[in-house]
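[1] I would like to see how this sequence folds:
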Amino acid sequence: MLEEYKKQMRNQAVEQLILTELLGKKVKEANIVITDEQVLKEINTALEAQQPPMSLDDYKKELAKNGIIFEEELLQIKQVLGYQKTV
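    The predicted model follows:
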């Protein structure tokens, strides 16, 4: 049962890598550029919509508490925004 689970997780990881690569190529081919300002605007909009609203500094602290580097989070959000523009 454990081996089957490992195999399934491996397959999902490979599928995710392939999907990420294909979407990345599609974004590049479409000349889609997402700026840091666009990403920060999206983050701030989401933070302001929370109840209670959260500041960007508090968000950064929460990320750090969970071992997430803010700059890496920005890159990941930038990727997702690029993918969304291809759809």
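[2] Going by C-alpha atoms from here, please, whenever you check contacts or count neighbours.
    Will do.
[3] For the residue lying closest to I69 once chain neighbours are set aside, give its distance to E21.
    In space, and not counting its chain neighbours, I69 is closest to L63: 6.7 Å by CA to CA, 6 or more residues apart in numbering. To E21, L63 is 26 Å away according to CA to CA, to the nearest Å.
[4] just the helices in this protein please.
    Using DSSP state H, the helices of the chain run over residues 2-29, 36-49, 56-65, 70-86.
[5] want to throw these into JSON lines with mean pLDDT and mean neighbour count?
    Shown next, in JSON lines, are the helices of the chain (pLDDT from 0 to 100; neighbours: other CA atoms under 10 Å):
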{"stretch": "helix 2-29", "mean pLDDT": "88", "mean neighbour count": "13"}
{"stretch": "helix 36-49", "mean pLDDT": "95", "mean neighbour count": "14"}
{"stretch": "helix 56-65", "mean pLDDT": "96", "mean neighbour count": "13"}
{"stretch": "helix 70-86", "mean pLDDT": "91", "mean neighbour count": "15"}
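[6] What separation do you get for the residue nearest to I69 and D36?
    Here the criterion is CA to CA. By it, L63 lies 18 Å from D36.
[7] Same check on E62?
    Look at E62 and D36: by CA to CA, they are 20 Å apart.
[8] can you check E29 too?
    Applying CA to CA, the value for E29 to D36 is 20 Å.
[9] same question, V80
    Going from V80 to D36 by CA to CA gives 13 Å.
[10] Could you do N66 as well?
    Following CA to CA, the distance that separates N66 from D36 is 22 Å.
[11] same thing with I43?
    Separation of I43 from D36 (CA to CA) stands at 10 Å.
[12] tell me, how many neighbours does Q51 end up with?
    When neighbours are counted by other CA atoms under 10 Å, Q51 registers 7.
[13] quick one, what contacts it?
    Not one residue lies near Q51 by CA atoms under 8 Å, 6 or more residues apart in numbering.
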